[in-house]
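[1] got a sequence here, can you model it:
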Amino acid sequence: MKRIILVTGGQRSGKSSYAEGLAHQLTDQPVYLATAKIWDEEFRQRVLRHQQNRGPEWTNLEEETELSKYDLKDRVIVIDCVTLWCTNFFFKYQDVQKTLDSIKTEFDKFTAQDATFIFVTNEIGLGGVSENELQRKFTDIQGFINQYIAAKADEVILMVSGIPVKIKQ
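    Now for the predicted structure:
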């Protein structure tokens, strides 16, 4: 049965750890789908450390935009993270509406599978308004996509200082 869970919160609020723990509760063979673009060697080493820390029971996949190219039927998947996924689309299109439309289409295509999806995202709009136009545009994209996923989600959890707060169940 398809299930969508959104785990959101601020930077270092415990989102990823919570999502990984939840995945472990649901299956002994979870999938970790990383959306990060590896920009430099330091980040590559960070990714390798994270993969090693998760352990051999995890299937580790990396995909910057086209999540739906993976057949993950009947699996439990942690998608970490929506913010980096949005960034990859925004850099590709440099247009707010094209970015939003592309992400929504890909999200719908990906989540059409019968699987459990645990999306990790950031609440970057909780702070002040940036003086930078590009940052304001991205914050808008992130906020709209978070709303889109939350509306389709079966559960939404807000992480606050490592504590999960159920927003939608």
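[2] only C-alpha atoms from now on, for both contacts and neighbour counts.
    OK.
[3] check which helix or strand covers the most far-flung residue of the chain relative to its centre.
    Relative to the centre of the chain, the most outlying C-alpha is that of residue 131, 26.0 Å out, by C-alpha atoms, centre = their mean. Per DSSP states H and E, residue 131 falls between elements, in no helix or strand.
[4] how near is it to residue 139?
    According to C-alpha to C-alpha, to the nearest Å, residue 131 stands 12 Å off from residue 139.
[5] need the phi and psi values for the residue farthest from the centre of the chain.
    Dihedral pair for residue 131: phi -80, psi -10, per degrees, to the nearest 10.
[6] what's the weakest-modelled helix or strand in the chain?
    Least confident helix or strand of the chain, by mean pLDDT, DSSP states H and E, is helix 41-54 with a mean of 82.
[7] helices or strands up against it?
    Contacting helix 41-54 under the criterion 3 or more C-alpha pairs under 8 Å, 6 or more residues apart in numbering; DSSP states H and E is no other helix or strand.
[8] now the longest helix that the chain contains: mean pLDDT?
    As assigned by DSSP state H, the longest helix anywhere in the chain is helix 133-152. Across helix 133-152, pLDDT averages out at 94.
[9] sounds good, over and out.
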